[in-house]
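Engineer: Test case, fold it:
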Amino acid sequence: MKDGRVLHFLGDLNPGGAEMVAISLAQAFKSLNWEVAICSRQGGSLAQELDGIPSIVIPKTHLLDIGYLLKLLVDITVKLTGLCIQ
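Structural biologist: Next up is the predicted model:
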């Protein structure tokens, strides 16, 4: 059984300060038996450094996009719980 869950939200997975901190935190939580995932609007070169940490890429095209928020909710729910939502 996992001790807890953490989901990090990032704009992309390209090298940068926030991205490096999020990946370091994700790896640390994973080593402490937490369930961890990273969600971003774009992929990037840091995806190779996730070492088995699930990542979800959900592209966003508009400033205010209700469809994006709904897809985000569904995709995160499916990824973290394994539920099949139709």
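Engineer: list the contacts for the most centrally placed residue in the chain?
Structural biologist: The central residue of the chain, meaning the one whose C-alpha is nearest the mean C-alpha position (CA atoms, centre = their mean), is Ile38 at 1.8 Å. By CB atoms under 8 Å, 6 or more residues apart in numbering, the contact set of Ile38 is 7-8, 10, 13, 22-23, 26, 50, 53-56. (Each C-beta comes from the backbone N, C-alpha and C, glycine too.)
Engineer: Filter these down to the buried ones.
Structural biologist: Neighbour-count burial (16 or more other CB atoms under 10 Å) is assigned, among the contacts of Ile38, to 8, 10, 13, 22-23, 26, 50, 53, 55-56.
Engineer: Among those, name the ones in helices.
Structural biologist: The members of the buried ones among the contacts of Ile38 that map onto helices under DSSP state H are 22-23, 26.
Engineer: circling back: so which two of the buried ones among the contacts of Ile38 are the farthest from each other?
Structural biologist: Within those, Ile23 and Ile56 form the most distant pair, 14.4 Å apart (CB to CB).
Engineer: Tell me the confidence at Cys84?
Structural biologist: Per-residue confidence for Cys84 comes out at a pLDDT of 48.
Engineer: er, Ala47 actually
Structural biologist: At Ala47 the predicted local confidence, pLDDT, stands at 89.
Engineer: Leu63 too?
Structural biologist: In the prediction, the pLDDT value recorded for Leu63 is 69.
Engineer: tell me which element Asp75 is part of?
Structural biologist: Secondary-structure assignment from DSSP states H and E places Asp75 in helix 66-81.
Engineer: ok, which stretches of this protein are strands?
Structural biologist: 5-10, 35-40, 55-57 (DSSP state E).
Engineer: re the thing from before, report the beta-bridge partners for the residue nearest to the centre of the chain.
Structural biologist: His8, Ser55 (DSSP bridges).
Engineer: separation between it and Gly44?
Structural biologist: From Ile38 across to Gly44, the span is 11 Å (CB to CB, to the nearest Å).
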